Every structure is written in C-alpha cells, then in structure tokens.
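J.: my questions concern the predicted model and sequence given below.
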Amino acid sequence: MTARIDHTTTSGTFSLDGQTFEVDNNAWVFGDDQECVVIDVPHDAEAIRALVGNRAVKAVLATHAHDDHVRAAVALADAVHAPLLLHPDDRVLWDLVHPDRAPDGELADGQLVVVGDAELEILHTPGHAPGAVCFYSPQRGVVFTGDTLFAGGPGATGRSYSDFSVLVASIRDRLLPLPDATTVHTGHGESTTIGAVRPQFDEWVARGY
C-alpha cells in the first residue's frame, strides 16, 4: 500500500536565548493505513494523534530539538507507545526542553526508517541546529526538512548552536543533489520543491541570508 502524508499546523511559542516568539509549526504523519511515523510534535499532541488515528506508530521522529518542534513529543510518544528518536548532536537542545526524559533512541546519517512499503532516509543537515536532520523518501519524491530549508530560504542561524556556513554546506551537499521534482515539506510555512529553491541558492549565500 502506498505511503501517504497527513499534515496539520499547530500554534504556540519558540523560546531560546531568553527570547520567546509566537510561531505556527507544521507536523507530518507519514505511513499507510496500518502504520506510520510522526515527524515533529510541536505544541498539541492531541491534534497530531487525531492524524494518526488507529494506526501503529513506529516512531516519533524529531527533525531537531528546538522546543517548538518537540514540546509535545513526549506526550504523544507515551500516548501511542512509540519510541522518540533524535540525532545525538541535538541532545543539548533537547535537554533544555525535556531535562528529565531522554530520547529513546538515536538517528544517524544514512539510517533507513521503513514504513509500510516506503523508506525514509536520514540526512544529517546541521547548521540550524547541530543535530538537525531531514527525512527523504525517494519512493514518494518528498523530503521533510524541518527548519533546514524553507520555501523562502535557509533556516535561521542567529541563535545559540547554529552556524550559517554549516547550514549552507548542508543544503548544498545533502539537499540540492536531490531530484528537482522532490517536494520539500518544511517545519514552518508552505511546501516547495528542490527545483524551485535551487536557482535561489547562490543569492542566499551571497547576501548571507
């Protein structure tokens, strides 16, 4: 059965470095009618659980551990009895949000998460956060980029644990080589394609976006 993608947007806050902002976050559920994975659990575990329905959740996956992407992750993982998986380089950010609960497992570059008849390949894309990852499904022609890449440019790098030059290298080396038709589902805002963002890349770099 072909994997499908379900989506919702939830609203809340993002806090880091002593500042707090109102944000809207995308959350994604990838799977078939029997099983799925959840990609990011921002602010409302129940809204995302409604997307899951009666399916078995193989894992709750975090693109990175900023609080607006994982605040409700523990509540959802406990409710659906699924492991929480995070790249270990983002543990420093995770511990700011959930100091009393460690992730259940680690994500590694090149790792494959099998869901139904599809796979998600883990692409380590540091820069916005040290352990930021993207999830690429060649079968569906889609990549979930979290805050690494948006329709309008790279993710933000003006806060602790971020680095613009590292982010640029991640996008250039890990995402731009994907086929132009690959749909980019982001952590905030509208989706785009690799082909749509490719011509803008040099301009972003030149102006230090």
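T.: Received, thanks.

J.: do a quick rundown of the helices in the protein.
T.: Applying DSSP state H to the chain gives helices spanning 45-52, 67-70, 73-80, 91-97, 164-170, 194-197, 201-206.

J.: what packs against the second one?
T.: What that stands for is helix 67-70. strand 4-16, strand 19-31, helix 91-97 (3 or more C-beta pairs under 8 Å, 6 or more residues apart in numbering; DSSP states H and E). C-beta: built from backbone N, CA, C; applies to glycine.

J.: neighbours around R198, how many?
T.: Residues lying near R198 (other C-beta atoms under 10 Å) number 14.

J.: ignore what I typed, I meant P130.
T.: P130 has 20 nearby residues by other C-beta under 10 Å.

J.: now it: closest residue in space, sequence neighbours ignored.
T.: Distances taken as C-beta to C-beta, 6 or more residues apart in numbering place D89 nearest to P130, at 4.2 Å, with adjacent residues excluded.

J.: residue with max distance from the center of the chain?
T.: A206 (25.9 Å; C-alpha atoms, centre = their mean).

J.: give me the buried positions along stretch 26-34.
T.: N26, A27, W28, V29, F30, G31 (16 or more other C-beta atoms under 10 Å).

J.: distance to A129 added to these, as TSV?
T.: As requested, these are exported to TSV (distance: C-beta to C-beta, whole Å):
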residue	distance to A129
N26	16
A27	17
W28	18
V29	22
F30	21
G31	25
